[in-house]
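Colleague: What shape does this take:
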Amino acid sequence: MPPSRSAASRAYRPSTLHRPTLSAVEGTRPVPPGVQLPEADVRTRFNERARRNWTESTRRVVRVAVLVASDVTAGLLGVLIVLTTWELVSSGGRRPLPDDVPLLAMVFCLQPLALRVSGAYAGGKARTDLVKIAGGIAVAAFLGWVQARLFGRDVPELPNKAAYAYSLLVITGLAWFFRHTLDRIIRAGYAAGILQRRVLVVGSAAEAEELSRSCRAMRGCEFQVIGRLSTSEGDPLVATLESAASSPDVPYAGSVEDLERVLSRTGAQGLIIASNLAFARMESLAGHCFRLGATIAILPRALKQLSAAQIEVRRSPVGSLLQLRPVRLDVPQLAVKRTMDIVLTLMAFAFMWPLFLLISLVIRLDSRGPVFFGQIRAGVGGRAFRMLKFRTMRDGADEEKGAMAALNESGDARLFKIRNDPRVTRVGRILRRLSLDELPQMLNVLRGEMSLVGPRPFFPGDLAEYERHHFERLHVLPGITGLWQVSGRSDVVDFEEVVRLDREYIENWSILTDISILFRTLPAALGRGAY
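Modeller: You can find the predicted model right below:
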């Protein structure tokens, strides 16, 4: 006699991992608040997956909400400034006062939508991308003008196009400033260990250690590496060997085959894949992470080795492509940078020539020798030029450098640093401390040999020790100051870190980047100086 339908249904017990909802699990009941479930209970896994999904979703929602609030605040403040100062910028008030209602509608309704379309609410560097911010606000200003033209009061006179152009400039400046401040706060939180994503690295012990070291060296990194997963099967012998190969900073957490248990045990929120995996394995691992509510990111080793290229994602009819571009400034960027160098240097000379005379006088009174000191350095493309400085050492000190190589505190001949160099004069020590010895390099800037901001020039003899990726720093004019100086200056004694900072500057160059570094140079020079 065939079994009844109810008996057959009772005999079929699908695996809990394939059941669509928690209510479908036989014997489960709602979990009272505050009750700690045992690890073996299937509801524990459901709760952990929901928590990871909720955490990541909340992170994205809060990020966008904070940016929208910042932009609306900037817009409201901008409208207030425009209405308050309109008489000063509108030919003595002869032009009519803009209508405040369309301006407010632009800020509250159009501006967030336009910034969303321009990509200004994406993560990472888009948060402070001036082009995306200005583009979104420009679209909002144009649509606001059209709206006011159609529905505003006194159509023949209002709205005034100049008022919306003025609003565009004011609101863009305020929005960028607020976002830049927000970005600083977020990075400070990352540096303090707050808001960081706890991640596991999929790869070898060396790959995990390298990634962890890079995260620790980078101030404000959003990732905290807490462990490593291997791609091998869960063999006890393999696990023992993997554990022995791990470092204390990145302990071995297990195999990717045991991902769910490892995520639960470590409290990790996602994975970073640092090894080259087969496509099928990558697809399987990505699907597993999605089911578990964990984030997943890829750091392909093949692309990581392309240090001479910038990488950007580009959509195409055949799919998403990783576009590679050389790490260097294009001709329009170089033209803008050169123009800014000349204008700012001439303005600085107009105000600082008395300081030049005073420094020259005290150098002559303090010690014998010339006021200026010239040294051959490697410029753009490795071409040699004579870099000028105020003399801070006794005359002939450059010939003594070889005899003092043993006192070099950096351990790298390319970074010659002696904290208490006996060759430095009394006045020279003060000039170095305040970075005033670098002022004559403004003459190098006017001669086209240097820029105000850029990588610091090293000696031509150092080029023989350069590896291939080190030559990237020679793609642009060397600078009086740069990202290295404002990031640590004499405290940065790792040449690879210097190259990384120079490459970061070249990749992310903009006028605002140069202006920001120039403003940060003064407190960096007064706070740390050089030796």
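Colleague: Roughly how far does R394 sit from A192?
Modeller: For R394, the distance to A192 equals 45 Å [CB to CB, to the nearest Å]. C-beta: built from backbone N, CA, C; applies to glycine.
Colleague: Pick out whichever of the two has more residues nearby.
Modeller: R394 (15 against 10; other CB atoms under 10 Å).
Colleague: For burial, what's the neighbour tally of the residue nearest to G382 when sequence neighbours are not counted?
Modeller: Leaving aside its sequence neighbours, G382 sits nearest to L474 (CB to CB, 6 or more residues apart in numbering; 5.4 Å). Close neighbours of L474, defined as other CB under 10 Å, add up to 21.
Colleague: center of the chain - which residue?
Modeller: Geometric centre of the chain, nearest residue: K125, 6.3 Å, by CA atoms, centre = their mean.
Colleague: Look at that one and tell me its secondary structure.
Modeller: Three-state assignment for K125 (DSSP: H, G, I helix; E, B strand; the rest coil): helix.
Colleague: from memory it sits against S510, does it?
Modeller: No - applying CB atoms under 8 Å, one finds K125 not in contact with S510, separated by 10.9 Å.
Colleague: the helices in the stretch 151-300 of the chain, which residues?
Modeller: 161-191, 205-217, 236-245, 259-266, 279-292 (DSSP state H, counting those that start in this stretch).
Colleague: These: which one's closest to L334?
Modeller: helix 161-191 (23.7 Å; CB to CB).
Colleague: Quick one: list the elements packing against that closest one.
Modeller: Using 3 or more CB pairs under 8 Å, 6 or more residues apart in numbering; DSSP states H and E as the contact test, the elements touching helix 161-191 are helix 42-89, helix 130-151.
Colleague: I'd say L501 and V486 touch.
Modeller: No - proximity of L501 to V486 does not meet the contact threshold set by CB under 8 Å, at 9.4 Å.
Colleague: residues touching V170, list them.
Modeller: Counting by CB atoms under 8 Å, 6 or more residues apart in numbering, V170 makes contact with G78, I81, V82.
Colleague: Can I get the residues you listed in a markdown table including pLDDT, distance to S90 and neighbour count?
Modeller: As requested, the contacts of V170 are exported to a markdown table (pLDDT from 0 to 100; distance: CB to CB, whole Å; neighbours: other CB atoms under 10 Å):
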| residue | pLDDT | distance to S90 | neighbour count |
| --- | --- | --- | --- |
| G78 | 89 | 16 | 24 |
| I81 | 89 | 13 | 16 |
| V82 | 85 | 10 | 22 |
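Colleague: Now for P370, how many residues are close by?
Modeller: What P370 shows, counting by other CB under 10 Å, is a neighbour count of 12.
Colleague: which one of the helices of the stretch 151-300 of the chain lies closest to I226?
Modeller: Closest among the helices of the stretch 151-300 of the chain, once you apply CB to CB, is helix 259-266, at 5.9 Å.
Colleague: If you count neighbours, what's buried in that closest one?
Modeller: Residues of helix 259-266 classed as buried: L259, E260, V262, L263, T266 (neighbour count, 16 or more other CB atoms under 10 Å).
Colleague: Let me know the angle separating that helix from helix 279-292.
Modeller: Angle, helix 259-266 to helix 279-292, by axes from the mean of the first three to the mean of the last three CA atoms, to 10 degrees: 50 degrees.
Colleague: Which elements pack onto helix 259-266?
Modeller: With contacts taken as 3+ CB pairs under 8 Å, 6+ apart, helix 259-266 sits against helix 42-89, strand 197-202, strand 223-230, strand 252-255, helix 279-292.
Colleague: can you give me the mean pLDDT across that helix?
Modeller: Averaged across helix 259-266, pLDDT comes to 85.
Colleague: Then stretch 377-388?
Modeller: 91.
Colleague: Can I get that stretch as PDB, trimmed to CA atoms?
Modeller: Taking C-alpha atoms only, stretch 377-388 is exported to PDB below (Å, rounded to 0.1, in the frame of the first residue of the first chain):
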ATOM      1  CA  ARG A 377      70.100  66.900  -8.800                       C
ATOM      2  CA  ALA A 378      68.100  64.700 -11.200                       C
ATOM      3  CA  GLY A 379      65.100  66.600 -12.700                       C
ATOM      4  CA  VAL A 380      62.300  65.500 -15.000                       C
ATOM      5  CA  GLY A 381      63.300  62.600 -17.200                       C
ATOM      6  CA  GLY A 382      66.500  62.200 -15.100                       C
ATOM      7  CA  ARG A 383      68.100  65.400 -16.600                       C
ATOM      8  CA  ALA A 384      70.600  67.000 -14.300                       C
ATOM      9  CA  PHE A 385      70.200  70.600 -13.100                       C
ATOM     10  CA  ARG A 386      71.700  72.800 -10.400                       C
ATOM     11  CA  MET A 387      69.400  73.100  -7.400                       C
ATOM     12  CA  LEU A 388      69.800  76.300  -5.300                       C
END
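Colleague: Please tell me how far that stretch is from the chain's geometric centre.
Modeller: Distance of stretch 377-388 from the chain centroid (CA atoms, centre = their mean, to the nearest Å) equals 29 Å.
Colleague: Kindly report the same for stretch 99-110.
Modeller: On CA atoms, centre = their mean, the centre of stretch 99-110 falls 33 Å from the chain's centre.
Colleague: mind listing what's buried in that stretch?
Modeller: The neighbour-count check on stretch 99-110 (16+ other CB under 10 Å) flags D99, P102, L103, A105, M106, V107, L110 as buried.
Colleague: wait, what's in contact with the fifth one?
Modeller: The contact partners of M106, taken as CB under 8 Å, 6+ apart, are G75, A140, A141, L143, G144, Q147, S167.
Colleague: which one among these gets closest to K337?
Modeller: The nearest member of the contacts of M106 to K337, counting by CB to CB, is A141 at 28.4 Å.
Colleague: Tell me, how many residues neighbour that closest one?
Modeller: Quick note: A141 (other CB under 10 Å) scores 25 neighbours.
Colleague: so what's it up against?
Modeller: Here A141 is in contact with M106, Y164, A165, S167, L168, I171 (CB under 8 Å, 6+ apart).
Colleague: T392 is in contact with G428, correct?
Modeller: Yes - judged on CB under 8 Å, G428 makes contact with T392 at a distance of 2.9 Å.
Colleague: Now do the shared contacts for those two.
Modeller: Taking CB under 8 Å, 6+ apart as the contact rule, G428 and T392 both touch D437.
Colleague: what secondary structure does W509 sit in?
Modeller: W509 - assigned by three-state DSSP - is coil.
Colleague: Quick one: residues contacting V336.
Modeller: Residues in contact with V336 (CB under 8 Å, 6+ apart) are I511.
Colleague: and the helix or strand hosting it, average pLDDT?
Modeller: Using DSSP states H and E, V336 maps to helix 331-366. Averaged across helix 331-366, the pLDDT comes to 89.
Colleague: got the buried residues for that helix?
Modeller: Result for helix 331-366 [16+ other CB under 10 Å]: buried residues L334, K337, M340, D341, L344, T345, F356, I359, S360, I363.
Colleague: which one of those residues is nearest P251?
Modeller: Of all these, P251 sits closest to K337, with 46.4 Å by CB to CB.
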